[in-house]
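Visitor: I need the structure of the sequence given here:
(chains A and B)
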2 protein chains.
Amino acid sequence: MTKQERAMNTRHALIRSAAQAFDEFGYTRAKLAGISAGAGVSSGALHFHFDTKAAMAAAVESEATRTLHALARHAHRKSPSPLQALIDSSHVIAQQLRRDVVVRAGFHLNCRTAHHSEVNLHQEWLECVRRTLERSAAHGQTPPHAVQEELTATVVGATAGFEALARQDHNWLSRPSLTGLWHTLLPQLAGPKALTQLQAAGTEAVINATGPAPAQLTAAHAPGI
Amino acid sequence: MTKQERAMNTRHALIRSAAQAFDEFGYTRAKLAGISAGAGVSSGALHFHFDTKAAMAAAVESEATRTLHALARHAHRKSPSPLQALIDSSHVIAQQLRRDVVVRAGFHLNCRTAHHSEVNLHQEWLECVRRTLERSAAHGQTPPHAVQEELTATVVGATAGFEALARQDHNWLSRPSLTGLWHTLLPQLAGPKALTQLQAAGTEAVINATGPAPAQLTAAHAPGI
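Guide: The predicted structure follows:
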(Lines give C-alpha, C1' and ligand atoms only; values in the text may rest on other atoms or scores of the structure.)
Protein backbone atom coordinates (compact mmCIF):
# COMPACT_ATOMS: atom_id res chain seq x y z
CA MET A 1 0.00 0.00 0.00
CA THR A 2 1.43 3.38 -0.99
CA LYS A 3 1.68 6.30 1.42
CA GLN A 4 -1.14 8.01 -0.50
CA GLU A 5 -3.41 4.96 -0.19
CA ARG A 6 -2.76 4.81 3.55
CA ALA A 7 -3.65 8.50 3.87
CA MET A 8 -6.89 7.93 1.96
CA ASN A 9 -7.78 4.98 4.19
CA THR A 10 -7.14 7.05 7.32
CA ARG A 11 -9.27 9.87 5.93
CA HIS A 12 -12.14 7.44 5.21
CA ALA A 13 -11.87 5.88 8.68
CA LEU A 14 -11.98 9.36 10.24
CA ILE A 15 -15.06 10.35 8.21
CA ARG A 16 -16.85 7.16 9.28
CA SER A 17 -15.86 7.58 12.92
CA ALA A 18 -16.98 11.22 12.87
CA ALA A 19 -20.31 10.18 11.34
CA GLN A 20 -20.77 7.60 14.11
CA ALA A 21 -20.04 10.23 16.78
CA PHE A 22 -22.39 12.82 15.18
CA ASP A 23 -25.10 10.16 14.80
CA GLU A 24 -24.81 9.06 18.43
CA PHE A 25 -24.12 12.33 20.29
CA GLY A 26 -25.08 15.10 17.84
CA TYR A 27 -22.62 17.57 16.36
CA THR A 28 -22.22 19.78 19.44
CA ARG A 29 -21.48 16.97 21.89
CA ALA A 30 -19.28 14.84 19.60
CA LYS A 31 -15.64 14.93 20.79
CA LEU A 32 -12.56 14.97 18.53
CA ALA A 33 -10.73 12.64 20.94
CA GLY A 34 -13.51 10.07 20.56
CA ILE A 35 -13.46 10.44 16.77
CA SER A 36 -9.71 9.81 16.43
CA ALA A 37 -9.95 6.87 18.88
CA GLY A 38 -12.89 5.45 16.91
CA ALA A 39 -10.82 5.59 13.72
CA GLY A 40 -7.85 3.96 15.50
CA VAL A 41 -5.53 6.92 14.82
CA SER A 42 -3.77 9.56 16.91
CA SER A 43 -5.17 13.04 17.38
CA GLY A 44 -2.13 14.25 15.38
CA ALA A 45 -3.31 12.14 12.43
CA LEU A 46 -6.82 13.61 12.79
CA HIS A 47 -5.44 17.16 12.68
CA PHE A 48 -3.29 16.29 9.64
CA HIS A 49 -6.55 15.61 7.73
CA PHE A 50 -9.02 18.01 9.38
CA ASP A 51 -8.37 21.37 10.99
CA THR A 52 -11.65 21.54 12.94
CA LYS A 53 -14.78 19.59 13.85
CA ALA A 54 -16.63 21.77 11.32
CA ALA A 55 -14.26 20.54 8.58
CA MET A 56 -15.03 16.92 9.54
CA ALA A 57 -18.76 17.64 9.47
CA ALA A 58 -18.39 19.21 6.01
CA ALA A 59 -16.59 16.07 4.81
CA VAL A 60 -19.34 13.79 6.21
CA GLU A 61 -22.02 15.97 4.62
CA SER A 62 -20.23 16.04 1.28
CA GLU A 63 -19.75 12.24 1.23
CA ALA A 64 -23.46 11.74 2.10
CA THR A 65 -24.53 14.15 -0.64
CA ARG A 66 -22.40 12.33 -3.22
CA THR A 67 -23.96 8.98 -2.28
CA LEU A 68 -27.54 10.33 -2.30
CA HIS A 69 -27.05 12.00 -5.69
CA ALA A 70 -25.67 8.74 -7.13
CA LEU A 71 -28.66 6.76 -5.79
CA ALA A 72 -31.20 9.21 -7.20
CA ARG A 73 -29.46 9.25 -10.61
CA HIS A 74 -29.42 5.44 -10.64
CA ALA A 75 -33.17 5.26 -9.87
CA HIS A 76 -34.02 7.82 -12.53
CA ARG A 77 -31.94 5.95 -15.15
CA LYS A 78 -33.38 2.51 -14.41
CA SER A 79 -37.02 3.08 -13.47
CA PRO A 80 -39.75 2.63 -16.10
CA SER A 81 -41.48 6.03 -15.53
CA PRO A 82 -40.79 9.35 -13.76
CA LEU A 83 -43.27 8.63 -10.98
CA GLN A 84 -41.90 5.11 -10.49
CA ALA A 85 -38.41 6.68 -10.34
CA LEU A 86 -39.59 8.93 -7.52
CA ILE A 87 -40.96 5.94 -5.60
CA ASP A 88 -37.77 3.96 -6.25
CA SER A 89 -35.59 6.91 -5.17
CA SER A 90 -37.47 7.16 -1.89
CA HIS A 91 -36.91 3.45 -1.24
CA VAL A 92 -33.19 3.40 -2.06
CA ILE A 93 -32.56 6.61 -0.10
CA ALA A 94 -34.49 5.25 2.92
CA GLN A 95 -32.50 2.00 2.67
CA GLN A 96 -29.22 3.95 2.65
CA LEU A 97 -30.30 6.19 5.55
CA ARG A 98 -30.97 3.03 7.59
CA ARG A 99 -27.78 1.16 6.77
CA ASP A 100 -25.09 3.80 6.16
CA VAL A 101 -24.11 5.96 9.13
CA VAL A 102 -22.21 8.43 6.92
CA VAL A 103 -25.32 9.09 4.81
CA ARG A 104 -27.52 9.34 7.91
CA ALA A 105 -25.22 11.70 9.82
CA GLY A 106 -24.50 13.78 6.69
CA PHE A 107 -28.21 14.12 5.96
CA HIS A 108 -28.95 15.25 9.53
CA LEU A 109 -26.08 17.75 9.45
CA ASN A 110 -27.47 19.14 6.20
CA CYS A 111 -30.94 19.51 7.76
CA ARG A 112 -29.38 21.61 10.53
CA THR A 113 -27.00 23.66 8.44
CA ALA A 114 -28.55 23.84 4.97
CA HIS A 115 -28.41 27.63 5.08
CA HIS A 116 -24.58 27.44 5.41
CA SER A 117 -24.06 24.57 2.95
CA GLU A 118 -23.66 24.60 -0.80
CA VAL A 119 -26.28 21.88 -1.01
CA ASN A 120 -29.77 21.87 0.54
CA LEU A 121 -30.94 18.27 0.32
CA HIS A 122 -34.55 18.98 1.32
CA GLN A 123 -34.72 21.70 -1.34
CA GLU A 124 -33.26 19.33 -3.96
CA TRP A 125 -35.79 16.66 -3.02
CA LEU A 126 -38.59 19.22 -3.27
CA GLU A 127 -37.47 20.24 -6.77
CA CYS A 128 -37.13 16.60 -7.80
CA VAL A 129 -40.69 15.86 -6.60
CA ARG A 130 -42.08 19.00 -8.29
CA ARG A 131 -40.33 18.20 -11.60
CA THR A 132 -41.47 14.58 -11.48
CA LEU A 133 -45.11 15.48 -10.85
CA GLU A 134 -44.98 18.00 -13.72
CA ARG A 135 -43.45 15.40 -16.06
CA SER A 136 -45.97 12.81 -14.91
CA ALA A 137 -48.78 15.22 -15.69
CA ALA A 138 -47.34 15.69 -19.17
CA HIS A 139 -47.52 11.91 -19.65
CA GLY A 140 -51.12 11.89 -18.49
CA GLN A 141 -50.30 10.18 -15.18
CA THR A 142 -51.55 12.95 -12.89
CA PRO A 143 -55.13 14.22 -12.80
CA PRO A 144 -54.99 17.47 -14.85
CA HIS A 145 -56.73 19.62 -12.27
CA ALA A 146 -54.70 18.52 -9.30
CA VAL A 147 -53.06 21.36 -7.47
CA GLN A 148 -49.47 20.41 -8.25
CA GLU A 149 -47.95 22.49 -5.49
CA GLU A 150 -50.19 20.96 -2.83
CA LEU A 151 -49.27 17.50 -4.05
CA THR A 152 -45.58 18.40 -4.10
CA ALA A 153 -45.73 19.77 -0.55
CA THR A 154 -47.61 16.68 0.67
CA VAL A 155 -45.07 14.24 -0.83
CA VAL A 156 -42.10 16.28 0.47
CA GLY A 157 -43.68 16.79 3.91
CA ALA A 158 -44.63 13.13 4.32
CA THR A 159 -41.23 11.76 3.26
CA ALA A 160 -39.43 14.35 5.45
CA GLY A 161 -41.71 13.34 8.34
CA PHE A 162 -40.98 9.62 7.92
CA GLU A 163 -37.26 10.48 7.99
CA ALA A 164 -37.66 12.68 11.09
CA LEU A 165 -39.70 10.03 12.94
CA ALA A 166 -37.14 7.36 11.98
CA ARG A 167 -34.58 9.11 14.18
CA GLN A 168 -36.38 7.59 17.17
CA ASP A 169 -37.70 4.43 15.48
CA HIS A 170 -35.98 3.32 12.27
CA ASN A 171 -39.00 1.25 11.20
CA TRP A 172 -40.50 4.47 9.84
CA LEU A 173 -37.97 4.13 6.99
CA SER A 174 -38.54 0.39 6.46
CA ARG A 175 -39.70 -0.79 3.06
CA PRO A 176 -43.21 -1.79 4.29
CA SER A 177 -43.64 1.59 5.95
CA LEU A 178 -42.70 3.58 2.81
CA THR A 179 -44.82 1.22 0.69
CA GLY A 180 -47.82 2.10 2.86
CA LEU A 181 -47.13 5.79 2.38
CA TRP A 182 -47.10 5.41 -1.41
CA HIS A 183 -50.29 3.26 -1.28
CA THR A 184 -51.99 6.23 0.35
CA LEU A 185 -50.51 8.99 -1.83
CA LEU A 186 -50.45 7.41 -5.28
CA PRO A 187 -54.22 7.59 -5.96
CA GLN A 188 -53.82 11.39 -5.68
CA LEU A 189 -50.79 11.44 -8.01
CA ALA A 190 -51.78 9.10 -10.83
CA GLY A 191 -54.89 8.30 -12.83
CA PRO A 192 -56.54 4.85 -12.50
CA LYS A 193 -54.72 3.38 -15.55
CA ALA A 194 -51.26 4.66 -14.58
CA LEU A 195 -51.93 3.47 -11.04
CA THR A 196 -52.09 -0.17 -12.12
CA GLN A 197 -48.57 0.11 -13.55
CA LEU A 198 -46.97 1.68 -10.48
CA GLN A 199 -45.34 -0.38 -7.74
CA ALA A 200 -45.65 1.26 -4.33
CA ALA A 201 -43.04 -1.16 -2.97
CA GLY A 202 -40.54 0.00 -5.60
CA THR A 203 -39.04 -1.75 -8.63
CA GLU A 204 -37.12 -4.84 -7.47
CA ALA A 205 -34.37 -4.44 -10.07
CA VAL A 206 -33.65 -0.85 -9.02
CA ILE A 207 -33.72 -1.47 -5.28
CA ASN A 208 -31.72 -4.70 -5.34
CA ALA A 209 -29.10 -3.17 -7.65
CA THR A 210 -27.89 -1.13 -4.69
CA GLY A 211 -27.09 -4.33 -2.79
CA PRO A 212 -28.99 -6.36 -0.18
CA ALA A 213 -29.80 -4.64 3.10
CA PRO A 214 -28.22 -5.98 6.31
CA ALA A 215 -30.15 -8.98 7.65
CA GLN A 216 -31.71 -7.26 10.65
CA LEU A 217 -33.34 -4.68 8.41
CA THR A 218 -34.73 -6.79 5.57
CA ALA A 219 -37.30 -8.76 7.58
CA ALA A 220 -40.78 -7.74 6.48
CA HIS A 221 -42.57 -6.05 9.32
CA ALA A 222 -45.25 -3.45 9.85
CA PRO A 223 -44.10 0.11 10.46
CA GLY A 224 -43.26 0.56 14.14
CA ILE A 225 -46.19 2.73 15.00
CA MET B 1 -48.39 42.24 44.28
CA THR B 2 -47.69 39.58 46.91
CA LYS B 3 -44.31 37.90 47.30
CA GLN B 4 -45.85 34.71 45.90
CA GLU B 5 -47.18 36.53 42.81
CA ARG B 6 -43.76 38.08 42.20
CA ALA B 7 -42.15 34.63 42.44
CA MET B 8 -44.67 33.22 39.92
CA ASN B 9 -43.98 36.11 37.53
CA THR B 10 -40.23 35.52 37.77
CA ARG B 11 -40.73 31.83 37.14
CA HIS B 12 -42.83 32.54 34.04
CA ALA B 13 -40.29 35.06 32.74
CA LEU B 14 -37.52 32.49 33.21
CA ILE B 15 -39.48 29.77 31.39
CA ARG B 16 -40.11 32.14 28.46
CA SER B 17 -36.49 33.29 28.35
CA ALA B 18 -35.27 29.67 28.48
CA ALA B 19 -37.64 28.77 25.63
CA GLN B 20 -36.25 31.65 23.56
CA ALA B 21 -32.68 30.49 24.21
CA PHE B 22 -33.47 26.83 23.39
CA ASP B 23 -35.35 27.92 20.25
CA GLU B 24 -32.48 30.09 19.03
CA PHE B 25 -29.37 28.13 20.09
CA GLY B 26 -30.63 24.61 20.85
CA TYR B 27 -30.55 23.01 24.28
CA THR B 28 -26.83 22.22 24.39
CA ARG B 29 -25.62 25.69 23.42
CA ALA B 30 -28.15 27.72 25.45
CA LYS B 31 -26.41 29.47 28.38
CA LEU B 32 -27.92 29.97 31.86
CA ALA B 33 -26.36 33.47 32.03
CA GLY B 34 -28.22 34.45 28.85
CA ILE B 35 -31.46 32.98 30.20
CA SER B 36 -31.38 34.93 33.47
CA ALA B 37 -30.40 38.13 31.60
CA GLY B 38 -33.25 37.56 29.12
CA ALA B 39 -35.70 37.29 32.02
CA GLY B 40 -34.24 40.44 33.64
CA VAL B 41 -33.27 38.60 36.82
CA SER B 42 -30.03 37.69 38.60
CA SER B 43 -28.45 34.27 38.26
CA GLY B 44 -29.24 33.83 41.97
CA ALA B 45 -32.95 34.25 41.19
CA LEU B 46 -32.63 31.69 38.39
CA HIS B 47 -31.06 29.17 40.76
CA PHE B 48 -33.77 29.83 43.35
CA HIS B 49 -36.33 28.53 40.81
CA PHE B 50 -34.32 25.97 38.84
CA ASP B 51 -31.39 23.82 39.95
CA THR B 52 -30.15 22.95 36.46
CA LYS B 53 -30.64 23.65 32.76
CA ALA B 54 -32.36 20.25 32.56
CA ALA B 55 -34.92 21.42 35.14
CA MET B 56 -35.63 24.52 33.03
CA ALA B 57 -36.05 22.37 29.93
CA ALA B 58 -38.46 20.11 31.81
CA ALA B 59 -40.51 23.17 32.83
CA VAL B 60 -40.63 24.46 29.22
CA GLU B 61 -41.64 21.00 27.99
CA SER B 62 -44.31 20.65 30.66
CA GLU B 63 -45.79 24.10 29.92
CA ALA B 64 -45.86 23.31 26.17
CA THR B 65 -47.52 19.96 26.80
CA ARG B 66 -50.22 21.58 28.95
CA THR B 67 -50.99 24.14 26.21
CA LEU B 68 -51.07 21.52 23.44
CA HIS B 69 -53.38 19.24 25.45
CA ALA B 70 -55.75 22.15 26.12
CA LEU B 71 -55.83 23.08 22.40
CA ALA B 72 -56.56 19.52 21.32
CA ARG B 73 -59.31 19.13 23.94
CA HIS B 74 -60.87 22.42 22.82
CA ALA B 75 -60.90 21.32 19.15
CA HIS B 76 -62.41 17.95 20.01
CA ARG B 77 -65.15 19.57 22.09
CA LYS B 78 -66.10 22.20 19.53
CA SER B 79 -65.67 20.54 16.13
CA PRO B 80 -68.69 19.03 14.38
CA SER B 81 -67.12 15.59 13.69
CA PRO B 82 -64.08 13.54 14.78
CA LEU B 83 -62.30 14.02 11.45
CA GLN B 84 -63.02 17.76 11.46
CA ALA B 85 -61.66 17.87 15.03
CA LEU B 86 -58.41 16.29 13.78
CA ILE B 87 -58.13 18.92 11.02
CA ASP B 88 -58.95 21.71 13.49
CA SER B 89 -56.42 20.37 16.02
CA SER B 90 -53.70 20.41 13.38
CA HIS B 91 -54.50 24.05 12.54
CA VAL B 92 -54.60 25.32 16.13
CA ILE B 93 -51.47 23.39 17.07
CA ALA B 94 -49.63 24.74 13.99
CA GLN B 95 -50.80 28.26 14.87
CA GLN B 96 -49.48 27.87 18.41
CA LEU B 97 -46.16 26.41 17.24
CA ARG B 98 -45.68 29.50 15.03
CA ARG B 99 -46.64 32.14 17.57
CA ASP B 100 -45.66 30.75 20.98
CA VAL B 101 -41.97 30.19 21.61
CA VAL B 102 -42.63 28.13 24.76
CA VAL B 103 -44.80 25.67 22.82
CA ARG B 104 -42.29 25.53 19.96
CA ALA B 105 -39.23 25.01 22.18
CA GLY B 106 -41.08 22.55 24.42
CA PHE B 107 -42.25 20.53 21.43
CA HIS B 108 -38.71 20.36 19.99
CA LEU B 109 -37.30 19.34 23.38
CA ASN B 110 -39.91 16.59 23.55
CA CYS B 111 -38.95 15.33 20.06
CA ARG B 112 -35.33 15.01 21.25
CA THR B 113 -35.97 13.53 24.66
CA ALA B 114 -39.29 11.71 24.39
CA HIS B 115 -37.66 8.52 25.67
CA HIS B 116 -36.78 10.32 28.95
CA SER B 117 -40.06 12.25 29.30
CA GLU B 118 -43.34 11.21 30.84
CA VAL B 119 -45.08 12.46 27.70
CA ASN B 120 -44.28 11.55 24.09
CA LEU B 121 -46.15 14.13 21.99
CA HIS B 122 -45.55 12.37 18.66
CA GLN B 123 -46.89 9.14 20.15
CA GLU B 124 -49.96 10.94 21.56
CA TRP B 125 -50.61 12.54 18.16
CA LEU B 126 -50.31 9.13 16.52
CA GLU B 127 -52.84 7.62 18.93
CA CYS B 128 -55.18 10.58 18.43
CA VAL B 129 -54.99 10.14 14.63
CA ARG B 130 -55.49 6.37 14.87
CA ARG B 131 -58.48 6.73 17.22
CA THR B 132 -60.05 9.44 15.05
CA LEU B 133 -59.74 7.39 11.87
CA GLU B 134 -61.28 4.40 13.64
CA ARG B 135 -64.18 6.53 14.94
CA SER B 136 -64.64 8.11 11.51
CA ALA B 137 -64.84 4.65 10.00
CA ALA B 138 -67.51 3.76 12.54
CA HIS B 139 -69.50 6.79 11.35
CA GLY B 140 -69.09 5.74 7.73
CA GLN B 141 -66.65 8.54 6.93
CA THR B 142 -63.69 6.37 5.97
CA PRO B 143 -63.73 3.88 3.09
CA PRO B 144 -64.24 0.51 4.82
CA HIS B 145 -61.38 -1.28 3.11
CA ALA B 146 -58.79 1.41 3.67
CA VAL B 147 -55.73 0.17 5.45
CA GLN B 148 -56.18 2.20 8.62
CA GLU B 149 -52.60 1.86 9.78
CA GLU B 150 -51.22 3.10 6.46
CA LEU B 151 -53.55 6.09 6.61
CA THR B 152 -52.60 6.78 10.24
CA ALA B 153 -48.88 6.63 9.41
CA THR B 154 -49.35 8.92 6.39
CA VAL B 155 -51.23 11.58 8.39
CA VAL B 156 -48.73 11.41 11.28
CA GLY B 157 -45.70 11.38 8.96
CA ALA B 158 -46.96 14.29 6.85
CA THR B 159 -47.88 16.51 9.81
CA ALA B 160 -44.56 15.67 11.54
CA GLY B 161 -42.77 16.51 8.30
CA PHE B 162 -44.50 19.89 7.93
CA GLU B 163 -43.45 20.67 11.53
CA ALA B 164 -39.85 19.56 10.89
CA LEU B 165 -39.59 21.59 7.65
CA ALA B 166 -41.08 24.64 9.43
CA ARG B 167 -37.96 24.80 11.61
CA GLN B 168 -36.19 26.32 8.59
CA ASP B 169 -39.21 28.01 6.95
CA HIS B 170 -42.23 28.67 9.16
CA ASN B 171 -44.55 28.94 6.15
CA TRP B 172 -44.74 25.14 6.20
CA LEU B 173 -47.01 25.57 9.25
CA SER B 174 -49.10 28.40 7.76
CA ARG B 175 -52.83 27.89 7.42
CA PRO B 176 -52.75 27.72 3.56
CA SER B 177 -49.95 25.16 3.70
CA LEU B 178 -51.82 22.86 6.11
CA THR B 179 -55.04 23.37 4.15
CA GLY B 180 -53.24 22.09 1.03
CA LEU B 181 -52.08 19.03 2.95
CA TRP B 182 -55.65 18.21 4.03
CA HIS B 183 -56.94 18.82 0.47
CA THR B 184 -54.58 16.08 -0.66
CA LEU B 185 -55.17 13.63 2.19
CA LEU B 186 -58.91 13.95 2.84
CA PRO B 187 -60.10 12.07 -0.28
CA GLN B 188 -58.27 9.04 1.16
CA LEU B 189 -59.78 9.49 4.63
CA ALA B 190 -63.45 10.25 3.89
CA GLY B 191 -66.12 9.06 1.47
CA PRO B 192 -67.51 11.49 -1.16
CA LYS B 193 -70.49 12.53 0.97
CA ALA B 194 -68.52 13.13 4.18
CA LEU B 195 -65.91 14.96 2.10
CA THR B 196 -68.37 17.71 1.17
CA GLN B 197 -68.95 18.45 4.89
CA LEU B 198 -65.27 18.69 5.83
CA GLN B 199 -63.36 21.96 5.82
CA ALA B 200 -59.68 21.47 4.98
CA ALA B 201 -58.98 25.02 6.17
CA GLY B 202 -60.44 24.22 9.59
CA THR B 203 -63.60 25.40 11.35
CA GLU B 204 -63.44 29.19 11.77
CA ALA B 205 -65.16 29.14 15.18
CA VAL B 206 -62.66 26.65 16.58
CA ILE B 207 -59.55 28.31 15.16
CA ASN B 208 -60.54 31.88 16.01
CA ALA B 209 -61.54 30.92 19.53
CA THR B 210 -57.85 30.55 20.33
CA GLY B 211 -57.29 34.24 19.45
CA PRO B 212 -56.00 35.99 16.34
CA ALA B 213 -52.50 35.18 15.17
CA PRO B 214 -49.87 37.94 15.21
CA ALA B 215 -50.21 40.17 12.14
CA GLN B 216 -47.07 38.99 10.32
CA LEU B 217 -48.35 35.41 10.31
CA THR B 218 -51.99 35.80 9.32
CA ALA B 219 -51.44 37.13 5.78
CA ALA B 220 -52.65 34.52 3.29
CA HIS B 221 -49.71 33.20 1.32
CA ALA B 222 -48.70 30.04 -0.48
CA PRO B 223 -46.52 27.56 1.43
CA GLY B 224 -42.92 28.70 1.24
CA ILE B 225 -41.70 26.00 -1.08
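Visitor: contacts and neighbour counts: CA atoms only from here.
Guide: Fine.
Visitor: Next secondary structure element downstream of the longest helix seen in chain A?
Guide: Ranked by number of residues, the top helix in chain A under DSSP state H is helix A:53-78. Along the chain past helix A:53-78, the next helix or strand (assigned with DSSP states H and E) turns out to be helix A:82-99.
Visitor: relative orientation of the longest helix of chain A and helix A:82-99 in degrees?
Guide: Orientation of helix A:53-78 against helix A:82-99 (axes from the mean of the first three to the mean of the last three Cα atoms, to 10 degrees) gives an angle of 140 degrees.
Visitor: now helix A:53-78: mean pLDDT?
Guide: pLDDT averaged over helix A:53-78 equals 93, rounded to a whole number.
Visitor: How about it, which residues are buried there?
Guide: A:53, A:56-65, A:67-68, A:71-72, A:74-76, A:78 (16 or more other Cα atoms under 10 Å in any protein chain shown).
Visitor: swap in stretch A:42-53?
Guide: Judged by neighbour count (16+ other Cα under 10 Å), stretch A:42-53 contains these buried residues: A:46, A:50, A:53.
Visitor: Tell me which residues are up against it.
Guide: Defining contact as Cα atoms under 8 Å, 6 or more residues apart in numbering or on different chains, one finds that stretch A:42-53 is touched by A:11, A:14, A:32, A:33, A:36, A:37, A:56.
Visitor: how far is it from where the chain is centred?
Guide: The gap between the average C-alpha position of stretch A:42-53 and the chain average comes to 28 Å, counting by Cα atoms, centre = their mean, to the nearest Å.
Visitor: Distance of the spatially most central residue of chain A relative to residue A:207?
Guide: With distances taken as Cα atoms, centre = their mean, chain A has residue A:93 as the residue nearest its mean C-alpha position (3.7 Å). Shown here: residue A:93 relative to residue A:207, a distance of 10 Å by Cα to Cα, to the nearest Å.
Visitor: mind giving me the domain split of chain A?
Guide: A:1-51, A:60-213 (automatic domain parsing).
Visitor: With respect to burial, which of those scores highest?
Guide: domain A:60-213 (a mean of 20; mean count of other Cα atoms under 10 Å in any protein chain shown).
Visitor: Show me which residues of chain A sit near chain B.
Guide: Applying Cα under 8 Å from any Cα of the partner chain, we find that chain A lies next to chain B at A:28-29, A:126, A:150-151, A:153-162, A:164-165, A:177, A:180-181, A:183-185, A:188, A:225.
Visitor: What distance do you get for residue A:112 to residue B:25?
Guide: For residue A:112 relative to residue B:25 (Cα to Cα), the value is 12 Å.
Visitor: same deal with residue A:117?
Guide: Taking Cα to Cα as the measure, residue A:117 falls 18 Å from residue B:25.
Visitor: Sketch out the low-pLDDT regions of chain A for me.
Guide: By pLDDT under 70, the weakly predicted segments of chain A are A:113-115, A:138-146, A:210-225.
Visitor: can you redo the contacts of stretch A:42-53 as CSV with secondary structure?
Guide: As requested, those are arranged in CSV below (DSSP: H, G, I helix; E, B strand; the rest coil):
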residue, secondary structure
A:11, helix
A:14, helix
A:32, helix
A:33, helix
A:36, helix
A:37, helix
A:56, helix
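Visitor: just these now: which is nearest residue A:106?
Guide: Proximity of the contacts of stretch A:42-53 to residue A:106 was ranked by Cα to Cα; the top entry is residue A:56 with 10.4 Å.
Visitor: Now do the phi/psi pair for the nearest residue to the closest one once chain neighbours are set aside.
Guide: Of all residues not flanking residue A:56 in the chain, residue A:50 sits nearest, at 6.1 Å (Cα to Cα, 6 or more residues apart in numbering or on different chains). Per-residue torsions, residue A:50: phi -140, psi 130 (degrees, to the nearest 10).
Visitor: ok, residue A:50 to residue A:58 distance?
Guide: To residue A:58, residue A:50 is 10 Å away according to Cα to Cα.
Visitor: and if you look at residue A:81?
Guide: As for residue A:81, its distance to residue A:58 is 34 Å (criterion: Cα to Cα).
Visitor: can you check residue A:207 too?
Guide: 28 Å.
Visitor: quick one, strands of chain A?
Guide: In chain A, no strands are found when defined by DSSP state E.
Visitor: on that earlier part again, looking at the buried residues of stretch A:42-53, which one is closest to chain B?
Guide: residue A:53 (15.7 Å; Cα to the nearest Cα).
Visitor: List the contacts of residue A:195.
Guide: For residue A:195, the contacting residues are A:186, A:187, taking Cα under 8 Å, 6+ apart as the criterion.
Visitor: Now residue A:104: closest residue in space that isn't a chain neighbour?
Guide: Nearest to residue A:104 is residue A:97, by Cα to Cα, 6+ apart, at 4.8 Å.
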